[in-house]
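> next input, structure requested:
(2 chains)
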Amino acid sequence: MTTELDCRKLDCPAPVLQLKELLEKQTTPSLAVLVDNEAAWQNVHRFLAYQGYAVAMERQGMDYRVLATRTAGAGGVGLAEEAPVAVRQRQSGQKKILVLVSTDKMGHGDDGLGGKLLLNFLKTLKEMRPELWRLVFINSGVTLTAAGAETVPILQGLVSEGVSILVCGACLTHYHLLDKKEVGETTNMLDIVTSMQLADSVITV
Amino acid sequence: MTQQTIRLTQTVKGAGCAAKLAPGDLDRALCGLDLPVDDNLLVGLERADDAGVYRISDDLALVQTIDFFPPMVDDPYRFGQIAAANALSDIYALGGTPKTAMNVVAFPAKTMDIAILRLIIEGGLSVMREAGVVLVGGHTVEDGELKYGLSVTGVIHPQRILTKRNLRPGDALILTKPLGTGIVATAMKAGLASPGLTETVSRAMASLNREAALVMAGFTIHACTDITGFGFLGHLAEMVVDSGYGVRVQVESIPHYPEALAWADMGLIPAGAYNNRNFRGSFVDFGADVAQNWQDLLFDPQTSGGLLMAVEATSAGALLEALQAKGIAGAAIVGEVVAAPSERIVVNSKMTKEPL
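Residues are numbered from 1 along each chain as shown, chains lettered A, B, ... in the order given. Below you'll find the model as predicted:
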């Protein structure tokens, strides 16, 4: 089944964004994207190639029809698992730091102060870039990813800079937040354990 | 904070210098035109330089330039600052001193609050004050898309004009601002750039090349230009054409925003970068070790980019130190002028030994 996407009459960067949105929702073995200018075709080509698709193009009158087929090696490595920015920005040999957030406050003592400290901690985390690789939220830490939390825009900022965020699914369920999560990918203990193994250092809050 | 419901970048198609007409199209429009001849026109249209220079007397010449474009940031005040810094840059690139400026404005008064225009002009004025330039007037038209910029007049000594021509073999090339503003602006438009990076890049675009030009005046510079819409390699190609010499560039030493490389991989590249490559790609030999995203970055149209100076290698270190002492921390030696291959730009990832 080939998924079709018509991006004609769209200026850069809209075609790439529509495609990104589509691939975040579903991984598709093959797709066809229609664009009407050279820059859009080149940009769509780069994006698909980076996502592990083999790309071909045919002219259709004044338009460009970009045909993409998922290559064997790329199977399963979807956008949801690792944003392309995150992959690219880590040069080989660069350190990977994982931050495990297991609480909604930092330190013991006054809880109000603890909440503020954690907010400030997450704001400042970007200073670790580009080594900062992944944030994992467990237990009451998952409330920081849910609608209404002051931390959501901060975490979204980190994601846009290429940091990946994993949120414990069982914990979201426990706190009845499964449908309120606004940032990060829902994950399981196997992914969390594997992430810890892959990281060069793990910081626990 | 002003109440802002409108995102300026969402109201326009192109962003900043990325909105420049494709260089090939401009050449087709201008080639063969019957241009008036005047002995006092020291730098004119035919040399495709940053600004025009007209001699008034033996020790005084006028430098004139104009630049305007659609917004590449959402904050009106910041946009005004960036547009002004960008327009003034051409005067600094020639070694001149800007004196007066006029606002050039296209404004969608039917769809946009006039208070936004006021903020833009306030931003522009703040940069003009910093440059010691007075605003003497302007012209505003009603248009579907917002555009702002300046027409600037400056002065220069006729014997001290720095053009793009005059490369000497052995010269070191120094770049004073990081590359990647076109790609970053595209990511901003896509809502992918973090507030922190947006602020960093906006501030860099709003910063004048004035300090860099003042430092440069204390050294023997052979050639200079500013990096704007045609991208690093596009402007470098203008220096190399008809020079009789070539240039070697080392990618590793080029100041840049690392995020721009990641976004280039994602295909967040402004159309202008492809135009630049189509127009000047034939001058460039990329080494096999130069990744595609670096090639994209080197053709990325820059808004209010840095100065690119060619200086004798023996004084390059001192010039770099002087620039860094003035707070231009990102300045770096990015390449060298070579005798051969002539009129080629050879780009490698690492420093390579010149063949015998």
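> now the single nearest residue of the stretch 101-250 of chain B relative to chain A: phi and psi?
Nearest residue of the stretch 101-250 of chain B to chain A (Cβ to the nearest Cβ) works out as B:Ser194 at 4.2 Å. For every residue, glycine as well, the C-beta is placed using N, CA and C. Note on B:Ser194: its backbone torsions stand at phi -70, psi 160 [degrees, to the nearest 10].
> does A:Glu4 count as helix, strand or coil?
strand (DSSP: H, G, I helix; E, B strand; the rest coil).
> so what's it closest to, chain neighbours aside?
The shortest distance from A:Glu4 to any non-neighbouring residue, by Cβ to Cβ, 6 or more residues apart in numbering or on different chains, is to A:Ala32 (5.2 Å).
> same check on B:Pro301?
With Cβ to Cβ, 6+ apart as the criterion, B:Pro301 has its nearest non-adjacent residue at 3.8 Å, and that residue is B:Gly272.
> element containing the one you found, please.
Counting by DSSP states H and E, the element that carries B:Gly272 is helix B:271-280.
> which other helices and strands contact that helix?
Here helix B:271-280 touches helix A:38-50, helix B:23-30, helix B:181-189, helix B:231-240, helix B:292-299, going by 3 or more Cβ pairs under 8 Å, 6 or more residues apart in numbering or on different chains; DSSP states H and E.
> and those as TSV, adding distance to B:Tyr148, mean pLDDT and mean neighbour count?
Converted to TSV, the helices and strands packed on helix B:271-280 look like this (distance: least, Cβ to Cβ, whole Å; pLDDT from 0 to 100; neighbours: other Cβ atoms under 10 Å in any protein chain shown):
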stretch	distance to B:Tyr148	mean pLDDT	mean neighbour count
helix A:38-50	24	91	22
helix B:23-30	21	79	13
helix B:181-189	15	93	29
helix B:231-240	22	96	26
helix B:292-299	25	96	22
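> how much space separates the residue of the stretch 101-250 of chain B closest to chain A from B:Asp265?
To B:Asp265, B:Ser194 is 18 Å away according to Cβ to Cβ, to the nearest Å.
> contacting residues around the helix holding B:Gly272?
A:11-12, A:37-39, A:42, B:14, B:17-20, B:22-24, B:182-183, B:229-231, B:233-234, B:237, B:295-296, B:299-301 (Cβ atoms under 8 Å, 6 or more residues apart in numbering or on different chains).
> could you give me the buried positions within it?
For helix B:271-280, a neighbour-count test (16 or more other Cβ atoms under 10 Å in any protein chain shown) marks B:Ala271, B:Gly272, B:Ala273, B:Tyr274, B:Asn275, B:Asn276, B:Arg277, B:Phe279, B:Arg280 as buried.
> just name the closest of those residues to chain A, please.
For the buried residues of helix B:271-280, the nearest to chain A is B:Ala271 (3.6 Å; Cβ to the nearest Cβ).
> thought B:Glu211 was touching B:Gly327?
Yes: at 6.8 Å, B:Glu211 counts as touching B:Gly327 under the criterion of Cβ atoms under 8 Å.
> quick one: which of those two has more around it?
Neighbour count, other Cβ atoms under 10 Å in any protein chain shown: between B:Glu211 and B:Gly327, B:Glu211 has more, with 15 against 11.
> next up, the contacts around the nearest residue to the more buried one once chain neighbours are set aside.
The shortest distance from B:Glu211 to any non-neighbouring residue, by Cβ to Cβ, 6+ apart, is to B:Lys326 (4.8 Å). Taking Cβ under 8 Å, 6+ apart, we find B:Lys326 in contact with B:Glu211, B:Ala212, B:Leu214, B:Val215.
> ok, now with 10 Å
B:Lys326 makes contact with B:Arg210, B:Glu211, B:Ala212, B:Leu214, B:Val215, according to Cβ atoms under 10 Å, 6 or more residues apart in numbering or on different chains.
> picking that back up, quick one: secondary structure of the residue nearest to A:Glu4?
The three-state assignment at A:Ala32 reads strand, by three-state DSSP.
> repeat that for A:Leu119.
Per three-state DSSP, the local secondary structure of A:Leu119 is helix.
> what number of residues are in the vicinity of it?
A:Leu119: 18 surrounding residues under other Cβ under 10 Å.
> quick one, grab the pLDDT at it.
A:Leu119 is assigned 91 on the pLDDT scale.
> just confirm it contacts A:Val101, I think it does.
No: here A:Leu119 lies out of contact with A:Val101, judged by Cβ atoms under 10 Å, at a distance of 11.6 Å.
> mind listing the shared neighbours of these two?
Shared contacts of A:Leu119 and A:Val101, counting by Cβ under 10 Å, 6+ apart, come down to A:Leu144, A:Thr151.
> redo the helices and strands packed on helix B:271-280 as CSV? Include distance to A:Glu127.
Formatted as CSV, the helices and strands packed on helix B:271-280 follow (distance: least, Cβ to Cβ, whole Å):
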stretch, distance to A:Glu127
helix A:38-50, 27
helix B:23-30, 40
helix B:181-189, 19
helix B:231-240, 29
helix B:292-299, 24
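> which of the ones you listed sits closest to B:Ile156?
Closest approach to B:Ile156 among the helices and strands packed on helix B:271-280 (Cβ to Cβ): helix B:231-240, 19.1 Å.
> any idea of the angle the closest one forms with helix B:292-299?
Calculated by axes from the mean of the first three to the mean of the last three Cα atoms, to 10 degrees, helix B:231-240 forms an angle of 60 degrees with helix B:292-299.
> can helix B:231-240 be said to contact chain A?
No: Helix B:231-240 lies out of reach of chain A by Cβ under 10 Å from any Cβ of the partner chain, never closer than 13.8 Å.
> after that helix comes which helix or strand?
Downstream of helix B:231-240, the first helix or strand assigned by DSSP H and E is strand B:246-250.
> OK, contacts around the closest residue to B:Val134 other than its chain neighbours?
Nearest residue to B:Val134, sequence neighbours excluded (Cβ to Cβ, 6+ apart): B:Thr100, at 5.5 Å. Contacts for B:Thr100 (Cβ under 10 Å, 6+ apart) come out as B:Met128, B:Val133, B:Val134, B:Leu135, B:Val136, B:Gly137, B:Leu150, B:Ser151, B:Val152, B:Thr153, B:Gly154, B:Val155.
> can you give me the pLDDT of B:Glu252?
At B:Glu252, pLDDT is 89.
> next one: the one 4 residues further on
The predicted local distance difference test score for B:His256 is 96.
> which of the three states applies to the residue in the stretch 1-150 of chain B that chain A sits nearest to?
Residue of the stretch 1-150 of chain B nearest chain A, by Cβ to the nearest Cβ: B:Lys13 (5.2 Å). Assigned with three-state DSSP, B:Lys13 falls in the coil class.
> if I pick the residue in chain A sticking out farthest from the centre, what's in contact with it?
Relative to the centre of chain A, the most outlying C-alpha is that of A:Gly61, 36.3 Å out, by Cα atoms, centre = their mean. Neighbouring residues of A:Gly61 by Cβ under 10 Å, 6+ apart: A:Asp36.
> so what does it have for phi and psi?
Dihedral angles (degrees, to the nearest 10) for A:Gly61: phi 60, psi -120.
> show me where the chain has helices.
Using chain A here. A:14-25, A:38-50, A:84-89, A:111-124, A:152-160, A:169-174, A:189-198 (DSSP state H).
> wait, chain B
For chain B, the helices defined by DSSP H cover B:23-30, B:76-93, B:114-131, B:181-189, B:195-206, B:210-216, B:231-240, B:258-265, B:271-280, B:292-299, B:313-325.
> can you redo these as JSON lines with distance to A:Pro153?
Output for those, formatted as JSON lines (distance: least, Cβ to Cβ, whole Å):
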{"stretch": "helix B:23-30", "distance to A:Pro153": "40"}
{"stretch": "helix B:76-93", "distance to A:Pro153": "20"}
{"stretch": "helix B:114-131", "distance to A:Pro153": "24"}
{"stretch": "helix B:181-189", "distance to A:Pro153": "16"}
{"stretch": "helix B:195-206", "distance to A:Pro153": "8"}
{"stretch": "helix B:210-216", "distance to A:Pro153": "35"}
{"stretch": "helix B:231-240", "distance to A:Pro153": "33"}
{"stretch": "helix B:258-265", "distance to A:Pro153": "18"}
{"stretch": "helix B:271-280", "distance to A:Pro153": "30"}
{"stretch": "helix B:292-299", "distance to A:Pro153": "28"}
{"stretch": "helix B:313-325", "distance to A:Pro153": "35"}
